[in-house]
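Peer 1: here are the coordinates; sequence isn't available:
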């Protein structure tokens, strides 16, 4: 983008300042977009959702397949799997959450900076799945606020991408500037 | 009975103070012994008969019987390719001698038996839970532990809640029906060609 026409300026940058055309420039005209702040923020957020891959069971294999070449989660801006919670936006809980792991998942979620979202991928993360058991948490929504549930055992990569698009649609509806929650 | 196991049985019966019964089922031999002679018998089997591998330690909860628990040891001889199963019984408030000093493989197996069934092993160097966390108050593989679990909480470590069962669908119902009725897709055995 060419914001200012600096062709009138000399290399020294001082001699012809009075001629410098800081004024309306037709070249800028096509590069300005007028929008609402909410829409701009949401648009940036939804297209750079960096996942925290909470791979706990076989759903994680499908999560890996979703980021590989054939399904290519990079098309939706979510290809940057961050293995540090400090750098991630959306936690994808992929797999069976045992009680032994549950508070560790919660702790990692607490370490993620706001704004943050959660995708419960698969039957186990959504509801405990087939494990009606003393050892398995009956859905990660007992501990975390889940935004999108994905059915399947395990879900196909297309289902994960569909859930990601649903989350993007949800993010676009947020009043991000007004209701920005601060991490406590 | 395998000649090696027959030799072992004869040698053990010749030793003073050892009571031993054995059964044979489909080529698998099982010794029933009391837990007091477990270590001498295992040492003899390891050193004289080359049973150099402890494959597994399993436990059975025979709720309502005395003694309540059964501990099952699966031995294998790499040299001879022979399996041997040793079973012993233990009461709920008693303990079994640990086999860690005989086969180091017994370490984690006995920890699992302690974790899941609550059987204590005398002489184990580190008898702590291996699957559940320290502080979990139950032994979930016991017969009187409900399928849906029980609630518990160890602050900042872990918690459990009862799982909703709703009468099924993962609970099997005992039935007298034949395989054809229970599983209509199963082929009758006479239609399966012999070449399979």
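Peer 2: Structure's in. What do you need? Source: prediction; values computed, not measured. Numbering: from 1, shown residues only, chains lettered A, B, ... in the order given.
Peer 1: quick one: contacts for the residue most central in space within chain B?
Peer 2: The centroid of chain B falls nearest to residue B:58 when counting by C-alpha atoms, centre = their mean (1.7 Å). Counting by C-beta atoms under 8 Å, 6 or more residues apart in numbering or on different chains, residue B:58 touches B:71-72, B:74, B:113. In this view, the C-beta of every residue, glycine as well, is placed from N, C-alpha and C.
Peer 1: 10 Å instead?
Peer 2: By C-beta atoms under 10 Å, 6 or more residues apart in numbering or on different chains, the contact set of residue B:58 is B:70-74, B:85, B:87, B:109, B:112-113, B:117.
Peer 1: Over to residue A:76?
Peer 2: Residues in contact with residue A:76 (C-beta under 10 Å, 6+ apart) are A:46-49, A:66, A:161, A:164-165, A:167-168.
Peer 1: which SS state does the residue in chain B positioned nearest to chain A fall under?
Peer 2: Using C-beta to the nearest C-beta, residue B:149 is the residue of chain B that sits closest to chain A, at 2.8 Å. Residue B:149 carries the three-state label coil when classified by DSSP: H, G, I helix; E, B strand; the rest coil.
Peer 1: So it is in contact with residue A:132, correct?
Peer 2: Yes: Residue B:149 lies in contact with residue A:132 (C-beta atoms under 10 Å); the separation is 8.8 Å.
Peer 1: Find the residues that touch each one of these two.
Peer 2: Jointly contacting residue B:149 and residue A:132 under the rule C-beta under 10 Å, 6+ apart are A:138, B:162-163, B:165.
Peer 1: Return the distance of the residue nearest the centre of chain A relative to residue A:147.
Peer 2: What sits nearest the mean C-alpha location of chain A, by C-alpha atoms, centre = their mean, is residue A:49, with 1.8 Å. Separation of residue A:49 from residue A:147 (C-beta to C-beta, to the nearest Å): 11 Å.
Peer 1: and for these two, which residues touch both?
Peer 2: Joint contacts of residue A:49 and residue A:147 (C-beta under 10 Å, 6+ apart) are A:90, A:117, A:119, A:167, A:171.
Peer 1: The third one: what's it in contact with?
Peer 2: For residue A:119, the contact set (C-beta under 10 Å, 6+ apart) comprises A:49, A:51-52, A:54, A:63, A:90-94, A:125-126, A:140, A:146-150, A:160, A:163-164, A:166-167.
Peer 1: Narrow those residues to those in strands?
Peer 2: A:51-52, A:54, A:90-94, A:148-150 (DSSP state E).
Peer 1: Show the low-confidence segments of the chain, by residue range.
Peer 2: Just going to use chain A. Scanning chain A for pLDDT under 70 picks out A:1-30, A:178-184.
Peer 1: my bad, chain B
Peer 2: Using pLDDT under 70, the flagged stretches of chain B are B:166-173, B:187, B:189, B:192, B:194-196.
Peer 1: any chance you could map the strands in it?
Peer 2: Secondary structure of chain B by DSSP E: the strands cover B:21-25, B:28-33, B:53-61, B:69-77, B:82-90, B:95-97, B:120-122, B:152-154, B:158-160.
Peer 1: Report all helices and strands that the fifth one contacts.
Peer 2: Packing partners of strand B:82-90 (3 or more C-beta pairs under 10 Å, 6 or more residues apart in numbering or on different chains; DSSP states H and E): helix B:3-14, strand B:21-25, strand B:28-33, helix B:38-49, strand B:53-61, strand B:69-77, strand B:95-97.
Peer 1: partners of the third one in the sheet?
Peer 2: Within its sheet, and counting by DSSP bridges, strand B:28-33 is paired with strand B:21-25 (antiparallel), strand B:82-90 (parallel).
Peer 1: Residues of chain B that sit close to chain A?
Peer 2: Chain B comes close to chain A at residues B:131-133, B:136, B:138, B:140-141, B:145-152, B:154, B:156-166, B:168-171, as judged by C-beta under 10 Å from any C-beta of the partner chain.
Peer 1: Would you write out the ChimeraX command that picks the buried residues out of those?
Peer 2: Here is the ChimeraX command that selects only those of the residues of chain B next to chain A that count as buried (16 or more other C-beta atoms under 10 Å in any protein chain shown):
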select /B:132,133,136,138,140,141,145,149,152,158,159,160,161,163
